[in-house]
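Q: Build the 3D model from these lines:
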Amino acid sequence: MIDAGPFEIISVRHGGPYGALCVVKRPDDPLGREVSMKVLRNTLMQQATFITRARDEARMLGRLNHPNIVRVEGLMQVGKRHVIVMEALNGVTVRQVMKALNGGIPPAIALLLTRTAARAMHHAYNGITSTGGRPLRIVHRDLRPGNLFITIHGTLKLVDFGLARADYSDRETSTVSTILGSEGYIAPERFANEPDDASVDVYALGVTLLEMLTGDLPIVGLLPAGHKYIFSQHIELLKQRVPELEPVFADLEYLILAMCAYHRQDRPGMEYVQERLKVIEETYGDGRTLLEYATEVANPLFEAHSSRPPREHPDWLEVSFLEDPEAMRPEESDDSNPTERANRRLRKKLRKANWPDNYREIRDLLAVENAWTPEPFLPILAAAARPWWQFWSPAPPVPQVVAALKLVRRRSTPTVVDYARALLTHRDRHIAKAARKLIDLHDDPA
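A: Residues are numbered from 1 along each chain as shown. Now for the predicted structure:
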């Protein structure tokens, strides 16, 4: 266990909805060793479930020893804050690379990343045993580009096991299926609260591979017919955008559709995924290593991000106490109920005109803020649904309306549905399309 500070914060990295991430070192360490620290966000400190999840994540990863899974050194508590101490992560996520490139990544690298992730998760599910000799059956449940990390040394690391489940006796939180994760990567059966197994990670990894290749994330409905149609459309998109994959199209299409099959029993295991990808790489691969790609693309992005002063990062206030634990600012007094707190935080984000630019961040926030309601979005939907002749009441920007419809899609109330029905005939096709998807999901008996 590492002593509880003070630490020198070297850099603050992009974390996630559950934890802020930074790289630190001890000022008095003559070797200047660095570690990463994941700090459970202050907004979650009142939710006991997330505190126990943080402890479970540390215990779980402490049992893993795989070069492609982030290594955890221990769990510590500084004041009232919980911190997971990990190996120093210097690099960028695949999501950051895709954002910088404004699209997909080179096919050979996407195949290599997917095969490596499949190997790591096969080990997590089958290769680690509990004290009784049984496999721990670790399921990540949130595989996506944002949780695939490319280090400056050209190594893929799977990160953020905060939503994972496993079979071991000292786990504190329930391992039953809960609909937690990121929209688009959640396997269909999870919405029916079926128990999770390795197939949910196979599904998410298949979606991730398709997104890495095309640059677009397929968002599917809950019915088999719509699911099949969306994936067939994205396979056609793959053929259009990456024609150089033509020699392996048949094998790649078969593998992706199998990984993303609607029914879990139709999906292959991670070992099969590795084998098929290796064959595809032998036919198509250009021989470039992940280290070469990191040197060419990922490392310049990392250097640009790490050059930013830590105090200028949006998560600075979340981690600043590590530099002076004795001066921790007191918790904000808040006597309101959880729904009021969640909606107030949401309204604060929606006050910025460009909030749709941070759509993923807000979506991830709503994934953990279980108490939120669609109420903060209603003024946007109401203004968009007003008749065109009410010109004295300005309509909100199209991106705001589309983002609002997408965010409330799975938590729609009768009022939201009424607004969506009014927007079905909106003159902007993007708004009308988003409204149609919300209505279809609401009317879906599944």
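Q: what is the mean pLDDT for the helix or strand where Arg95 lies?
A: Secondary-structure assignment from DSSP states H and E places Arg95 in helix 94-101. Mean pLDDT, computed over helix 94-101, is 92.
Q: which is the next helix or strand following that helix?
A: Sequence order places helix 107-122 as the next helix or strand after helix 94-101, per DSSP H and E.
Q: CA atoms only for the helix or strand following that following helix, dumped as CSV, please.
A: Toward the C-terminal end, the helix or strand that comes next after helix 107-122 (DSSP H and E) is strand 148-151. Once non-C-alpha atoms are left out, strand 148-151 reads as follows in CSV (Å, rounded to 0.1, in the frame of the first residue of the first chain):
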residue,chain,number,x,y,z
LEU,A,148,-8.6,0.4,-25.0
PHE,A,149,-5.4,2.3,-24.1
ILE,A,150,-2.3,2.5,-26.3
THR,A,151,0.9,3.1,-24.3
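Q: still on that earlier bit, report the buried residues of the helix holding Arg95.
A: Taking 16 or more other Cβ atoms under 10 Å as the neighbour-count basis, helix 94-101 is seen to contain the buried residues 94-98, 100. For every residue, glycine as well, the C-beta is placed using N, CA and C.
Q: Please convert those residues to a markdown table, extending it with distance to Pro338.
A: Output for the buried residues of helix 94-101, formatted as a markdown table (distance: Cβ to Cβ, whole Å):
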| residue | distance to Pro338 |
| --- | --- |
| Val94 | 33 |
| Arg95 | 29 |
| Gln96 | 32 |
| Val97 | 36 |
| Met98 | 34 |
| Ala100 | 37 |
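Q: Most widely separated two among these?
A: For the buried residues of helix 94-101, the farthest-apart pair by Cβ to Cβ is Val94 and Ala100; their separation is 10.7 Å.
Q: re the thing from before, now the helix holding Arg95, how far from the chain's geometric center?
A: 14 Å (Cα atoms, centre = their mean, to the nearest Å).
Q: Compute the inter-axis angle for that helix and helix 107-122.
A: Helix 94-101 and helix 107-122 are oriented at 170 degrees to each other (axes from the mean of the first three to the mean of the last three Cα atoms, to 10 degrees).
Q: Please tell me how far Leu277 sits from Leu40.
A: Look at Leu277 and Leu40: by Cβ to Cβ, to the nearest Å, they are 35 Å apart.
Q: Asp56 now?
A: Applying Cβ to Cβ, the value for Asp56 to Leu40 is 12 Å.
Q: next helix or strand past the helix or strand of the chain with the lowest mean pLDDT?
A: Taking all helices and strands of the chain together, the one with the lowest average confidence (mean pLDDT, DSSP states H and E) is helix 48-63, at a mean of 71. From helix 48-63 onward toward the C-terminus, using DSSP H and E, the following helix or strand is strand 72-78.
Q: quick one: strands adjacent to that following strand?
A: According to DSSP bridges, strand 72-78 forms sheet pairs with strand 81-87 (antiparallel).
Q: For the strand it pairs with, give me every contacting residue.
A: In this structure, residues lying in contact with strand 81-87 by Cβ atoms under 8 Å, 6 or more residues apart in numbering are 2, 19, 35-40, 42, 45, 51, 54-55, 57-58, 61, 70-77, 321-322, 328.
Q: what comes up buried for that strand?
A: Residues of strand 81-87 classed as buried under the neighbour-count rule (16+ other Cβ under 10 Å) are 81-86.
Q: before we move on, what about stretch 134-143?
A: Going by neighbour count (16+ other Cβ under 10 Å), the buried part of stretch 134-143 is 136-143.
Q: re earlier: of the contacts of strand 81-87, just the buried ones, ChimeraX syntax please.
A: In ChimeraX, selecting the buried portion of those, with burial taken from 16+ other Cβ under 10 Å, looks like this:
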select :19,35,36,37,38,39,40,42,51,54,55,57,58,61,70,71,72,73,75,76,321,322
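Q: which one of the buried residues of helix 94-101 is nearest His122?
A: Closest to His122 out of those is Val94 (19.3 Å), distances taken as Cβ to Cβ.
Q: Spit out the contact partners of the closest one.
A: If you count contacts by Cβ under 8 Å, 6+ apart, then Val94 has 105, 113, 145-146, 148-150, 212 around it.
Q: Most neighbours among those, which one is it?
A: Taking other Cβ atoms under 10 Å as the neighbour criterion, Ile150 ranks highest of those with 27 neighbours.
Q: Pretty sure that residue sits against Leu158.
A: No. Using Cβ atoms under 8 Å, Ile150 is not in contact with Leu158; the gap is 11.4 Å.
Q: residue ranges of the helices in the stretch 151-300 of the chain, please?
A: Across the stretch 151-300 of the chain, reading from the start of the chain, the helices by DSSP state H, counting those that start in this stretch fall at 199-214, 224-241, 249-259, 270-284, 290-293, 299-306.
Q: List the buried residues in the next helix or strand after the last one.
A: It refers to helix 299-306. Downstream of helix 299-306, the first helix or strand assigned by DSSP H and E is helix 316-319. Buried residues in helix 316-319, counting neighbours by 16+ other Cβ under 10 Å, are found at 318-319.
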